[in-house]
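*Asks:* Here is a sequence with its predicted model. Questions after.
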Amino acid sequence: MPAVRYQSGEMVMGRWPGSSLYYEVKVLGFDAESSLYTVIYKDGTELELKEPDIKVVRFQTRPRSRSRSPGRRRSRSRSPARTTRRTSSRTAAAIITDAAVPSHRDTRLKDSLEVRLSPLLSSMVKGRTVILNTSSNCLSLPPGAFFWLLFLPSWVFFLVLQVNQEDPSLTNSPPLLPPPGAFWDAQAFGLVVLWIVFQAVLYTLPVGKLSEGMPLRSGERLKYRTNGFFAISVSALAIAAAAHQGVDITYIHSHFLQLTAAAFLVSVLLSVYLYVRSQYAASEQLALGGSSGNLLYDFFKGHELNPRIREFDLKFFCEMRPGLIGWCLINFAMALAEMKQQGLDAPSYSMLLVNLFQLLYVVDGLWNEEAILTTMDLMHDGFGFMLAFGDLVWVPFTYTLQAYYLVRHPVPLSPPAAAAIIALKLVGFYIFRKSNSEKNAFRRNPSDPKLSHLQSIPTATGKSLLVSGWWGVVRHPNYLGDLLMALAWSLPCGFSHLLPWYYMIYFVILLVHRDARDMSECRRKYGSVWDEYCRTVPYRIIPGVY
Ligand SMILES: NC(=O)C1=CN([C@@H]2O[C@H](COP(=O)(O)OP(=O)(O)OC[C@H]3O[C@@H](n4cnc5c(N)ncnc54)[C@H](OP(=O)(O)O)[C@@H]3O)[C@@H](O)[C@H]2O)C=CC1
Ligand SMILES: CC(C)=CCC[C@@H](C)[C@H]1CC=C2C3=C(CC[C@@]21C)[C@@]1(C)CC[C@H](O)C(C)(C)[C@@H]1CC3
């Protein structure tokens, strides 16, 4: 006869089925035959849970002993692993405690019990189970999905046509639309496909580390081959060898429109494939945000979270390889095109700065490739048109507009101006890298001794939120660093036109929107503990700005 650990009427934390989230529940009874507890959630949902899916959370207010050694005190504040301990009590209680945080934490600890219940409901759409998240906005389908599907590609083609104008003012009348045939070039299409296949081969080579992703809703952790630095190094060698063999790299500049169209076609084909295969995916493999049952919306947002062909992770590959490394290749081609068009022996200083700054950004991303596994896209977003198009078209063909602009529009740069821009880039880079690495290290191993100086607050999900270090200054320090870098990329292009500032403007909009999206997602996940975090760290991206 199995022992009854939890008594009727007892308040405990029950895991929401299929997720790693725990909510406050009341035990209604125990069925000895099935060894299942019947529990009731705050919203009235009754479920049967197995014992391992139940925790007793006893929030312990430790006396803030002056005699405790600082080392010991620090170590308690950080880690859900360390702070969740088994006691010898009859009910095997899990203690969540956070002794090193300020005294108002007692209320905070109590608050973490008050996690808002925003359950995930399963519903049937066309005979398939879809996951509806009642607290996020995915139920109120943005009618904009259709608009974005049309607008984003049109905007890219507009920019690509505009930047090639003698006077690329955005206020000028748009360039005459070339005939449809001008967009298609079989060779350009072949080269785009060849590039993607080349990157895919490098990705699959058994070189470099196999890194673990964050736990999925099922508790599983996927493995990723993080050999991005190897891939960009081999790519650079291959391009250098091709140039040495007389291959004209400036082809990329002269066939930019056709290459863009080819990449767009690939992204559409890929998105169709992704949508079709998502129809056969198990519901636990679907993303919460792109599972509305509405074809257009799910096609755009992405239905499946981690589509894979065997070990080949399509989302990770597309986000980190062809577009990102292609961005550097295109910038390099623009530098060669500038030298050719303007009869220079070396690229201009503006071109050099843009090339080197963006190369540093990409190389850094690939060097720290593992850190992408704790970003929103990898953890929460489905893989659909938005990301496929973003990775394969938007990144390589619009992030390179500054270099493209400089080919025909030279901007002389004085040494002091160049020095000031370099300083800005380095400050931005420092903030960006340090904050991203800090969060990544904390998410991977909260009890890492290197993070012992950091304070965190526990949440009912078992994860904690950093409230000191970079993440105690603003809620998105990584965005701040990224924005400073974006500014440094536009400044070398001067102020004559708005077009090279396009990235900066787009990026402010993107990051402010991402911050808002992340806020509501974290509010859903962490309930009132998130509100407490926001009170402790009131500024969003810029210190002093709410
Ligand atoms: N160049 C470009 O085009 C773009 C660049 N970026 C860059 O990519 C990087 C990743 O950005 P993005 O994925 O948007 O967001 P983040 O890397 O900031 O990830 C947000 C997640 O971090 C976790 N988190 C938030 N606050 C805390 C905290 N206090 N302590 C611990 N964990 C916390 C939460 O996830 P959880 O709690 O579930 O772990 C949250 O959902 C950024 O540097 C950004 O600037 C982003 C978009 C475009
Ligand atoms: C308008 C539109 C189509 C938006 C799609 C957004 C994507 C372009 C971006 C979403 C998150 C991204 C990240 C990077 C590139 C742009 C996209 C894909 C990134 C890979 C750039 C390099 C960085 O070092 C990074 C790894 C932190 C970053 C991750 C997020």
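*Replies:* That came through, no problem. Ligands and ions are numbered 1, 2, ... in the order given.

*Asks:* What parts of the stretch 301-450 of the chain come near ligand 1?
*Replies:* Proximity of the stretch 301-450 of the chain to ligand 1 (C-beta under 6 Å from any ligand atom) is limited to residues 374-377, 379, 432, 436, 439, 442-443. Every C-beta, even on glycine, is put in place using the N, C-alpha and C of the backbone.

*Asks:* Strands of the stretch 151-300 of the chain, residue ranges please.
*Replies:* For the stretch 151-300 of the chain, the strands defined by DSSP state E, counting those that start in this stretch occupy 209-212, 223-226.

*Asks:* Name the stretch among those that sits most buried.
*Replies:* strand 223-226 (a mean of 20; mean count of other C-beta atoms under 10 Å).

*Asks:* returning to that earlier point: and the strands of the stretch 151-300 of the chain as JSON lines, adding distance to V393?
*Replies:* Listed next are these as JSON lines, based on distance: least, C-beta to C-beta, whole Å:
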{"stretch": "strand 209-212", "distance to V393": "27"}
{"stretch": "strand 223-226", "distance to V393": "23"}
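
*Asks:* now those strands as JSON lines including distance to Y23 and mean pLDDT?
*Replies:* Below are these laid out as JSON lines (distance: least, C-beta to C-beta, whole Å; pLDDT from 0 to 100):
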{"stretch": "strand 209-212", "distance to Y23": "27", "mean pLDDT": "93"}
{"stretch": "strand 223-226", "distance to Y23": "30", "mean pLDDT": "96"}
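
*Asks:* Among these, which comes closest to P143?
*Replies:* With C-beta to C-beta as the criterion, P143 lies closest to strand 223-226 of those, at 35.2 Å.

*Asks:* Check which helices and strands that closest one is in contact with.
*Replies:* Counting contacts by 3 or more C-beta pairs under 8 Å, 6 or more residues apart in numbering; DSSP states H and E, strand 223-226 is packed against strand 209-212.

*Asks:* Touching the strand it packs on from outside, list them.
*Replies:* 221-227, 369-370, 373 (C-beta atoms under 8 Å, 6 or more residues apart in numbering).

*Asks:* And for stretch 214-234?
*Replies:* So stretch 214-234 is in contact with 18-20, 199, 202-213, 284, 305-306, 308, 311, 313, 316, 320-321, 324-325, 328, 362-363, 365-367, 369-370, 373-374, 378-379, 443, going by C-beta under 8 Å, 6+ apart.

*Asks:* before we move on, back to that, of all pairs in the contacts of strand 209-212, which one is the farthest apart?
*Replies:* Applying C-beta to C-beta across these, the maximum distance is between R221 and N227, 18.6 Å.

*Asks:* Get me the contact residues on the protein for ligand 1.
*Replies:* Selection of the chain residues close to ligand 1 by C-beta under 6 Å from any ligand atom yields 374-377, 379, 432, 436, 439, 442-443, 463, 465-466, 471, 476, 478-479, 482, 510, 514, 518, 521-522.

*Asks:* Could you check which of R221 and N227 is surrounded by more residues?
*Replies:* Using other C-beta atoms under 10 Å as the criterion, R221 and N227 rank with N227 on top: 23 against 13.

*Asks:* Could you tell me how far the more buried one is located from ligand 1?
*Replies:* As judged by C-beta to the nearest ligand atom, to the nearest Å, N227 and ligand 1 stand 20 Å apart.

*Asks:* could you pull out the strands for the stretch 301-450 of the chain?
*Replies:* 308-309, 312-313.

*Asks:* Could I get these in TSV, plus columns for mean pLDDT, distance to ligand 2 and mean neighbour count?
*Replies:* Formatted as TSV, the strands of the stretch 301-450 of the chain follow (pLDDT from 0 to 100; distance: least, C-beta to the nearest ligand atom, whole Å; neighbours: other C-beta atoms under 10 Å):
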stretch	mean pLDDT	distance to ligand 2	mean neighbour count
strand 308-309	97	18	12
strand 312-313	97	14	18
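
*Asks:* P500 is nearest to which of those strands?
*Replies:* Nearest of the strands of the stretch 301-450 of the chain (C-beta to C-beta): strand 312-313, 34.0 Å.

*Asks:* Mind giving me the packing neighbours of the closest one?
*Replies:* Counting contacts by 3+ C-beta pairs under 8 Å, 6+ apart, strand 312-313 is packed against helix 186-204.

*Asks:* one step back: please check the residues of the chain next to ligand 1 and keep the buried ones.
*Replies:* Buried subset of the residues of the chain next to ligand 1 (neighbour count, 16 or more other C-beta atoms under 10 Å): 374-375, 377, 379, 432, 436, 439, 442-443, 463, 465-466, 471, 476, 478-479, 482, 518, 521-522.

*Asks:* Just the ones in helices from those residues, please.
*Replies:* Using DSSP state H, the members of these that fall in helices are 377, 379, 432, 436, 439, 442-443, 478-479, 482, 518, 521-522.

*Asks:* which among those are in contact with ligand 2?
*Replies:* Contacts with ligand 2 are made by D377 out of these, judged by C-beta under 6 Å from any ligand atom.

*Asks:* Pick the one among the ones in helices among the buried ones among the residues of the chain next to ligand 1 closest to ligand 2.
*Replies:* Looking at these and their distance to ligand 2, the nearest is D377, at 5.0 Å (C-beta to the nearest ligand atom).

*Asks:* residues touching that closest one, list them.
*Replies:* Contacts of D377 by C-beta under 8 Å, 6+ apart are 315, 319, 387.

*Asks:* per-residue confidence at it?
*Replies:* Among the per-residue scores, D377 shows a pLDDT of 89.

*Asks:* ok so, going back, for ligand 2, which of the strands of the stretch 151-300 of the chain is the nearest?
*Replies:* Nearest to ligand 2, of all the strands of the stretch 151-300 of the chain, is strand 223-226, at 11.5 Å by C-beta to the nearest ligand atom.

*Asks:* The residue in the stretch 1-150 of the chain that ligand 2 sits nearest to: what's its closest spatial neighbour, skipping adjacent residues?
*Replies:* Among all residues of the stretch 1-150 of the chain, W148 sits closest to ligand 2, at 7.8 Å; criterion: C-beta to the nearest ligand atom. Closest residue to W148 apart from its sequence neighbours, by C-beta to C-beta, 6 or more residues apart in numbering: F300 at 6.4 Å.
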